[in-house]
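# all I have is the shape, not the residue letters:
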């Protein structure tokens, strides 16, 4: 596709290598199978023989490893690895621009039922009971789900 090298498994894209040397990984439609894992690793070995990036299963999750540096990141659909950079996994991101590499920001705080949390950016949210309804913390706001 264009100048990109695309590897597909059963018509689903699993690896894309861009001319910029950015590598994009996918499990092929969300199916994390042994076949997809083998095809991804075989493609990585073929496309990037000097880079030692592999994907391995670990307790039901997939982990991407750079064996030269020892860096690891969790596998995510659309994971972009800039292979032209030193320590590429430290600079990895997903297509949605969410940083997933070593320098990722901490996740938002876990909030107990019916309490309000205000993250550092000042935007708050409130969790309702049961399946809950999210609503704006400052009162009002659009709610989703049932009444809490």
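Arrived safely, thanks for sending. On a predicted model such as this, the values are computed, not experimentally measured, just so you know.

# let me see the confidence value for residue 88.
pLDDT recorded at residue 88 is 94.

# ok, it to residue 18 distance?
From residue 88 over to residue 18 the distance is 13 Å, taken as C-beta to C-beta, to the nearest Å. The way it works is simple: take the backbone N, C-alpha and C, and place the C-beta from them, glycine included.

# higher neighbour count, the two?
residue 88 (25 against 16; other C-beta atoms under 10 Å).

# check contacts around that one.
51, 53, 66, 81, 82 (C-beta atoms under 8 Å, 6 or more residues apart in numbering).

# drop anything exposed from the residues you listed.
Among these, those buried by neighbour count (16 or more other C-beta atoms under 10 Å) are 51, 53, 66, 81, 82.

# remind me which residues of this structure are low pLDDT?
By pLDDT under 70, the weakly predicted segments of the chain are 96-148.

# how does it look with 90?
1-2, 28-31, 50-51, 60, 94-148 (pLDDT under 90).

# what ranges do the helices span in it?
Secondary structure of the chain by DSSP state H: the helices cover 34-47.

# need the strands for it, in chain order.
5-9, 12-17, 22-25, 53-58, 61-66, 71-74, 79-82, 93-94, 116-117, 125-126, 135-136 (DSSP state E).

# not counting its own residues, what contacts the fifth one?
Spelled out, it's strand 61-66. Contacts for strand 61-66 (C-beta under 8 Å, 6+ apart): 25, 27, 32, 37, 51-57, 71-75, 79, 81, 87-89, 92.

# run the last query once more with 6 Å
53, 54, 55, 56, 72, 73, 75, 89 (C-beta atoms under 6 Å, 6 or more residues apart in numbering).

# circling back: of the strands of the chain, which is nearest residue 47?
Closest to residue 47 of those, according to C-beta to C-beta: strand 12-17, at 5.2 Å.
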